[in-house]
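A.B. asks: Requesting a structural model of the entry that follows:
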Amino acid sequence: MSIPQNVNIVDNILPIFKSWVPEWMIKIVLFILLLPSIVLFFLPITNIQAAAGYYGSEPADMQFSVALFYAGYVGSYSLERRFFNYLAAREYFILFTFLLLLTSWICYQTHEVYIFFPVRFMQGLLFASTVNLSLSLMFTRLRSERAREVSFSVFFGLLICALPFNNIVTADLIDHFNFHIVYKVALFSYLPSLILLPLTMNRIRLNVRFPLYKLDWQSFALYSMGLVLLGYILIFGQEYYWFADRRIRFSSLGFICLALVFTLRQRAMKRPYIDLRIFRSRNFKAGLLVLFVMYLCRFVSGITNGYFSSLLGFDPMHISYINVFNLLGLISGTIIAACLVIQKKNIRYIWCIGFILLLIFHLIMFYHSDVQANEFNYFIPLYIQGFGIGLIMVPTIIYTISSVAVSRGTSAAAVSLAIRYLGFCASIALINFFELYGKSRHYNAFQDHLTALDYPVAQHMQTQANILLTKGLHPGLSAKGTEKLLIATVNKQDQVRFAMDYYELIAWLIVGLLLLIALSPYLGKTIVRLRSKRLSPA
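C.D. replies: Numbers count the residues shown, from 1 in each chain. Predicted coordinates for the structure are as follows:
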């Protein structure tokens, strides 16, 4: 977000934190406030089967609950600044921390997914407040450009590490208790913030108190409803056979109408909710494209984890331990990215290295996908994928936001956030599409060749029948048992081929993007630079 110009002056004259609080403790307090909300972000899909079973819903419902959180975060980002100016910092912190604690308690208590959904959207709204105010206060304490770039890296490093970190932390917990116990843990994780904030902060405003009139709640409503409808279309579209279902048709029509009204409203307003002039910047549009493709690559982990689970037979706890290598890669890539940004490296150089690493990951997974494999074969690929994502994430967001005028930085941050949301939902839609049509296509292809007249098939079925007979199965049931084993084998091959198709698609997409980056002349001398200390990430 764009912090008002007099924040640093106010911070120097009026102490936001009490005089006895050291600088290192201030950063810890802000970090403790931010971390539980980041963990809360992807919590429903840490173990999607357990979450869906607990709420009596489908896995797609849990994916949609994450999209609702994301939509609340994206939609309220621009509106939240008015509340930031209206309330004193300590009051504001305590208010939304208490509300986050309350929403976590509701998630812990409820079994109904239709109560869970609006609460998740509310958590997204509160998350926007947490992020904006925490990082705004953090940025007022950073005097150098290097410190601000490091802060960007720390925040986005935490954000992209949230999913594998949640998997590691909650895997053993969910294995021993019901899924809702994770919300009880989240509930208690907010208590240190509620204790520390009144003890360490003074009751001081960062700005003159502005009345809460002329709130652009109409734009907020249009924008948020459009985002929710877009997420609904992309996540449930395949399940409902897209436009064959009236729910998707009406949702699509509603989204188009909302998008049109919102665009016309922004063009007519003197102070738009999102300044559409940011799209005149060529660098900004290039950054959005890279960000979108990177998010498609980021959430290919859904395919990878599904492969580990359904084909290799790993339980969720085992999968979470394997993903430690992905987590290490994310951390390493983010650290290296911070160093490259500080050194003012060319953005083309950073993007090329990052996407080449992602291309290597997809090629390795394409050629190493099989129905039987050793887990250590995937340690290095997972690390490479994490390293590539970590390397691209921070420089791309800084590049995108800083490519527009400082006065439009808030709008650029909001649109960058919306593109990340779109990348998350689009990756789910792509995976669902490939899973349905890819599996059915390969299943039909196998059926064309698997006949009783095919000698290898007949020999395989006879071998399996003999094995079943030696295990004590009744001779009259051996033929049916062999057929079921053959069908299970074909289903496994379908899963492998579907995963390979998706890896191939993303690999070709990366190749196309690399060519575009290499052939774009205006990127040759473009460096990543955080131009304003008033810029805060979203």
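A.B. asks: Which helix or strand contains the residue nearest the centre of the chain?
C.D. replies: In the chain, the C-alpha nearest the mean C-alpha coordinate belongs to F424, at 5.8 Å (CA atoms, centre = their mean). Assigned by DSSP states H and E, F424 belongs to helix 409-433.
A.B. asks: before we move on, the earlier item: check contacts around the residue nearest to the centre of the chain.
C.D. replies: V66, A67, Y70, Y295, F299 (CB atoms under 8 Å, 6 or more residues apart in numbering). Every C-beta, even on glycine, is put in place using the N, C-alpha and C of the backbone.
A.B. asks: The closest residue in space to the fourth one that isn't next to it in sequence and V74, how far apart?
C.D. replies: The spatially closest residue to Y295, leaving aside those adjacent along the chain, is G423, at 2.6 Å (CB to CB, 6 or more residues apart in numbering). In this structure, G423 and V74 are separated by 12 Å, where distance is defined by CB to CB, to the nearest Å.
A.B. asks: who's more crowded, those two?
C.D. replies: Each of G423 and V74 has its neighbours counted (other CB atoms under 10 Å); V74 has more, 25 against 20.
A.B. asks: Share the number of residues neighbouring the residue lying closest to F42 once chain neighbours are set aside, please.
C.D. replies: Excluding its sequence neighbours, the residue lying closest to F42 (CB to CB, 6+ apart) is L163, at 4.7 Å. For L163, the neighbour count with other CB under 10 Å is 24.
A.B. asks: again with N374
C.D. replies: Look at N374: counted by other CB under 10 Å, it has 8 neighbours.
A.B. asks: try G53
C.D. replies: 14.
A.B. asks: And L230, by the same measure?
C.D. replies: The burial count for L230: 22, using other CB under 10 Å.
A.B. asks: Would you check that it makes contact with L422?
C.D. replies: Yes - if you go by CB atoms under 8 Å, L230 and L422 touch, sitting 7.3 Å apart.
A.B. asks: For the stretch 251-400 of the chain, which segments count as helices?
C.D. replies: 282-298, 301-310, 316-322, 324-342, 347-368, 379-402 (DSSP state H, counting those that start in this stretch).
A.B. asks: hmm, back to that, can you check the pLDDT for the residue nearest to Y295?
C.D. replies: Reported pLDDT at G423 in the predicted model: 91.
A.B. asks: Look up how far L359 lies from it.
C.D. replies: 18 Å.
A.B. asks: Same question for S193.
C.D. replies: In terms of CB to CB, S193 sits 42 Å off from L359.
A.B. asks: can you pull the contacts of A429?
C.D. replies: A429 neighbours (CB under 8 Å, 6+ apart): L234, I235, G237, Q238.
A.B. asks: remind me which residues of the stretch 51-200 of the chain are low pLDDT?
C.D. replies: Within the stretch 51-200 of the chain, the segments meeting pLDDT under 70 span 81-89, 136, 138-152.
A.B. asks: Which residue ranges of it form helices?
C.D. replies: In the stretch 51-200 of the chain, the helices defined using DSSP H, counting those that start in this stretch lie at 59-76, 80-86, 89-109, 113-140, 145-176, 181-189, 191-200.
A.B. asks: Relative to L328, which of these is closest?
C.D. replies: Of all those, it is helix 145-176 that lies closest to L328, at 9.4 Å by CB to CB.
A.B. asks: which other helices and strands contact the closest one?
C.D. replies: helix 23-41, helix 113-140, helix 181-189, helix 316-322, helix 324-342, helix 379-402 (3 or more CB pairs under 8 Å, 6 or more residues apart in numbering; DSSP states H and E).
A.B. asks: So what angle separates the directions of the last one and helix 324-342?
C.D. replies: Counting by axes from the mean of the first three to the mean of the last three CA atoms, to 10 degrees, helix 379-402 lies at 40 degrees to helix 324-342.
A.B. asks: got a list of what Q109 touches?
C.D. replies: No residues are in contact with Q109 under the rule CB under 8 Å, 6+ apart.
A.B. asks: oh, I was asking about G390
C.D. replies: Each residue near G390 by CB under 8 Å, 6+ apart is listed here: G157, I160, G329, L330, I331, S332, G333, T334, I335, I336, A337.
A.B. asks: Surely the second one touches I389?
C.D. replies: Yes - using CB under 8 Å, I160 is in contact with I389, at 6.2 Å.
A.B. asks: Now list whatever residues contact both of the two.
C.D. replies: When contacts are counted by CB under 8 Å, 6+ apart, I160 and I389 are jointly contacted by R298, L330.
A.B. asks: Take the contacts of G390 and lay them out in TSV including neighbour count.
C.D. replies: Compiled in TSV, those are given as follows (neighbours: other CB atoms under 10 Å):
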residue	neighbour count
G157	20
I160	23
G329	26
L330	29
I331	18
S332	15
G333	27
T334	27
I335	17
I336	18
A337	30
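A.B. asks: Just flag the most distant two among those.
C.D. replies: Largest separation among the contacts of G390 by CB to CB: I160 and I336, giving 13.8 Å.
A.B. asks: How many neighbouring residues does P521 have?
C.D. replies: Around P521 there are 6 residues (other CB under 10 Å).
A.B. asks: What separation do you get for it and R348?
C.D. replies: Applying CB to CB to P521 and R348 gives a distance of 10 Å.
A.B. asks: Likewise for K492?
C.D. replies: In terms of CB to CB, K492 sits 42 Å off from R348.
A.B. asks: Ok, L125 next?
C.D. replies: For L125 relative to R348 (CB to CB), the value is 37 Å.
A.B. asks: With neighbour numbers in mind, choose between the two.
C.D. replies: Shown here are L125 and R348; by other CB under 10 Å, L125 has more neighbours (22 against 17).
A.B. asks: how about the more buried one, what does it touch?
C.D. replies: So L125 contacts G72, Y73, G75, S76, E80 (CB under 8 Å, 6+ apart).
A.B. asks: I'd like those written out as JSON lines, with neighbour count added.
C.D. replies: Formatted as JSON lines, the contacts of L125 follow (neighbours: other CB under 10 Å):
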{"residue": "G72", "neighbour count": "23"}
{"residue": "Y73", "neighbour count": "27"}
{"residue": "G75", "neighbour count": "29"}
{"residue": "S76", "neighbour count": "24"}
{"residue": "E80", "neighbour count": "24"}
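A.B. asks: With distance to R90 added, can I get these in TSV?
C.D. replies: Compiled in TSV, those are given as follows (distance: CB to CB, whole Å):
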residue	distance to R90
G72	24
Y73	23
G75	26
S76	21
E80	17
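A.B. asks: Nearest to W508 among the residues you listed?
C.D. replies: After measuring these against W508 - CB to CB - the closest member comes out as Y73, at 31.4 Å.
A.B. asks: Quick check: I38 touching L158?
C.D. replies: Yes - using CB under 8 Å, I38 is in contact with L158, at 5.3 Å.
A.B. asks: correct me, but R203 touches F93?
C.D. replies: No - taking CB under 8 Å as the definition, R203 is not a contact partner of F93, at 11.0 Å.
A.B. asks: more neighbours, those two?
C.D. replies: F93 (25 against 10).
A.B. asks: any idea how far V29 is from that one?
C.D. replies: F93 is 9 Å from V29, where distance means CB to CB.
A.B. asks: repeat for V131
C.D. replies: According to CB to CB, V131 stands 15 Å off from V29.
A.B. asks: what does I195 give?
C.D. replies: 10 Å.
A.B. asks: Who has more neighbours out of those two?
C.D. replies: V29 (22 against 11).
A.B. asks: Excluding chain neighbours, give the residue nearest to that one in space.
C.D. replies: The nearest residue in space to V29 (CB to CB, 6+ apart) is L196, at 5.1 Å.
A.B. asks: CA-only coordinates of the strand or helix carrying Y232 in PDB, if you can.
C.D. replies: In the assignment (DSSP H and E), Y232 maps to helix 217-236. Coordinates of each C-alpha in helix 217-236 appear next as PDB, following Å, rounded to 0.1, in the frame of the first residue of the first chain:
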ATOM      1  CA  TRP A 217     -18.100   0.700  -0.800                       C
ATOM      2  CA  GLN A 218     -19.800   0.400  -4.100                       C
ATOM      3  CA  SER A 219     -16.500  -0.300  -5.900                       C
ATOM      4  CA  PHE A 220     -15.500  -2.700  -3.100                       C
ATOM      5  CA  ALA A 221     -18.800  -4.600  -3.500                       C
ATOM      6  CA  LEU A 222     -18.500  -4.800  -7.300                       C
ATOM      7  CA  TYR A 223     -14.900  -5.900  -7.200                       C
ATOM      8  CA  SER A 224     -15.300  -8.400  -4.400                       C
ATOM      9  CA  MET A 225     -18.400 -10.100  -5.900                       C
ATOM     10  CA  GLY A 226     -16.600 -10.300  -9.300                       C
ATOM     11  CA  LEU A 227     -13.600 -12.000  -7.700                       C
ATOM     12  CA  VAL A 228     -15.800 -14.500  -5.800                       C
ATOM     13  CA  LEU A 229     -17.800 -15.300  -9.000                       C
ATOM     14  CA  LEU A 230     -14.500 -15.700 -11.000                       C
ATOM     15  CA  GLY A 231     -13.200 -18.100  -8.300                       C
ATOM     16  CA  TYR A 232     -16.500 -20.000  -8.300                       C
ATOM     17  CA  ILE A 233     -16.400 -20.400 -12.100                       C
ATOM     18  CA  LEU A 234     -12.800 -21.600 -12.300                       C
ATOM     19  CA  ILE A 235     -13.000 -24.000  -9.400                       C
ATOM     20  CA  PHE A 236     -16.400 -25.600 -10.000                       C
END
